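**Q** Need coordinates for the following:
(one chain, ligands or ions: 3)
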Amino acid sequence: MKFQYLGTGAAEGWPAVFCQCTYCKEAAAAGGKNIRTRSQAIVNRDLLIDLPPDTYLHKLQQGLDLSAVRYLLVTHCHMDHFFPQELSIRGSVFSPVMESPEMEIYCAAQTKELFERCVSGEINDQSRNALHWHILRAFDTVHAGPYTVTALPAHHMGPGDEPFVYHIVDETGVSVYYLHDSGWYAPEVWDYFSQQKPADLISLDTTNGERAGSHTEGHMGVPDVLEVADRLREIGLADDRTHLIMNHFSHNGHLLYEELEARARPHGLEVSYDGMTLELTSRK
Ligand SMILES: [Zn+2]
Ligand SMILES: [Zn+2]
Ligand SMILES: [Zn+2]
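**A** Ligands and ions are numbered 1, 2, ... in the order given. I've put the predicted structure just below:
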């Protein structure tokens, strides 16, 4: 499995769209791995995770063929993870030549509702009819082509909302956890983790940077992520082959790439950056 981070920033990006704080200025000056666009990842060529407003930028930056994307997983309906208007220019006259004209979308009912509210007056029938929606509930497992996908509940957003994080397994058994935006995991999610085989990649919500999320907030910081990593090793979801990766960063977390690396490396963790690519091979 090829797994690529396309965007690794929180909602406002880093440097943030409208901000001139110290950390935004430092990131802009340093450039490189400190420039973080809104969160998105791609598995091989055909499975996209989230659809942020920076999707088009990611296509340009990474030279992606997004016409080949057959499966779209949406974690939740915050704007940095789902910008539904983009789907109104998919298919029909807007992209007459596509490898995969049909798209299967997996998300919560709430996410589909946002699509209807934002796009219904704009999308034409041909584009709409090429989208096939699969509404998930927490702990549902579905088959998206060659991928087995389980939606796990996130501790993020408010009462009545349905944010998910995803466990994705390919045909060869390569196992990836994309855990944004998660907050601290519920006991049932820990139970799920403890029943699974060791993962190949676990991507962890590090939005708060140097500040802990106190197990109650909708995001985590480095102190929480280090605690999570220890516990994942204890229960066997992470072992010495697992890439444990800090991801989804904000200027409000203050830590630039090198500072994050200095905190992650001694604990055997890695730090994401836009464009970071991992080739994950089966343990079989
Ligand atoms: Zn986010
Ligand atoms: Zn800022
Ligand atoms: Zn969010």
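**Q** Please name the nearest non-neighbouring residue to the residue in the stretch 101-250 of the chain positioned nearest to ligand 1.
**A** Closest to ligand 1 within the stretch 101-250 of the chain is residue 181: 4.4 Å, counting by Cβ to the ion. Where you see a C-beta, it was placed from the backbone N, CA and C, and this is true even at glycine. In this structure, residue 181 finds its nearest non-sequential neighbour in residue 156, 4.6 Å apart by Cβ to Cβ, 6 or more residues apart in numbering.
**Q** what number of residues lie near the one you found?
**A** Burial of residue 156 is recorded as 22 neighbouring residues (other Cβ atoms under 10 Å).
**Q** In contact with it, which residues?
**A** 76, 163, 181-183, 218-219 (Cβ atoms under 8 Å, 6 or more residues apart in numbering).
**Q** what would the residues you listed look like in JSON lines with secondary structure, pLDDT and neighbour count?
**A** Listed next are the contacts of residue 156 as JSON lines, based on DSSP: H, G, I helix; E, B strand; the rest coil; pLDDT from 0 to 100; neighbours: other Cβ atoms under 10 Å:
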{"residue": "76", "secondary structure": "coil", "pLDDT": "97", "neighbour count": "23"}
{"residue": "163", "secondary structure": "coil", "pLDDT": "97", "neighbour count": "27"}
{"residue": "181", "secondary structure": "coil", "pLDDT": "94", "neighbour count": "24"}
{"residue": "182", "secondary structure": "coil", "pLDDT": "96", "neighbour count": "30"}
{"residue": "183", "secondary structure": "coil", "pLDDT": "95", "neighbour count": "22"}
{"residue": "218", "secondary structure": "coil", "pLDDT": "95", "neighbour count": "19"}
{"residue": "219", "secondary structure": "coil", "pLDDT": "95", "neighbour count": "24"}
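**Q** which residue packs closest to the residue in the stretch 1-150 of the chain that ligand 3 sits nearest to, ignoring adjacent ones?
**A** Closest to ligand 3 within the stretch 1-150 of the chain is residue 78: 3.5 Å, counting by Cβ to the ion. Excluding the flanking residues, the one nearest residue 78 by Cβ to Cβ, 6+ apart is residue 11, at 6.3 Å.
**Q** and that neighbour, how many residues sit next to it?
**A** 18.
**Q** repeat for residue 209
**A** Neighbour tally, residue 209, other Cβ under 10 Å: 24.
**Q** Run through the residues of the stretch 51-200 of the chain sitting next to ligand 3.
**A** For the stretch 51-200 of the chain, the residues found near ligand 3 under the criterion Cβ under 5 Å from the ion are 78, 181.
**Q** please redo it, this time with the cut-off set to 6 Å
**A** Contact residues, the stretch 51-200 of the chain versus ligand 3 (Cβ under 6 Å from the ion): 76, 78, 156, 181.
**Q** from what I can see the last one touches residue 76, true?
**A** Right, the one you point to is residue 181. Yes: between residue 181 and residue 76 there is a contact at 7.0 Å, judged by Cβ atoms under 8 Å.
**Q** So whichever residue of the stretch 51-200 of the chain sits closest to ligand 2 versus residue 246, what's the distance?
**A** Going by Cβ to the ion, ligand 2 is nearest to residue 80 of the stretch 51-200 of the chain, at 14.9 Å. Going from residue 80 to residue 246 by Cβ to Cβ, to the nearest Å gives 17 Å.
**Q** of these two, who's got more company?
**A** Legend: neighbour count by other Cβ under 10 Å for residue 80 and residue 246, higher for residue 246 (28 against 24).
**Q** got a list of what the more buried one touches?
**A** Neighbours of residue 246 in contact, by Cβ under 8 Å, 6+ apart: 204, 206, 222, 225, 260, 264, 269-272.
**Q** For burial, what's the neighbour tally of the nearest residue in space to it that is not next to it in sequence?
**A** Distance criterion Cβ to Cβ, 6+ apart; nearest residue to residue 246, sequence neighbours excluded, is residue 206 at 4.1 Å. Residue 206 is flanked by 33 other residues according to other Cβ under 10 Å.
**Q** Also residue 284?
**A** Look at residue 284: counted by other Cβ under 10 Å, it has 6 neighbours.
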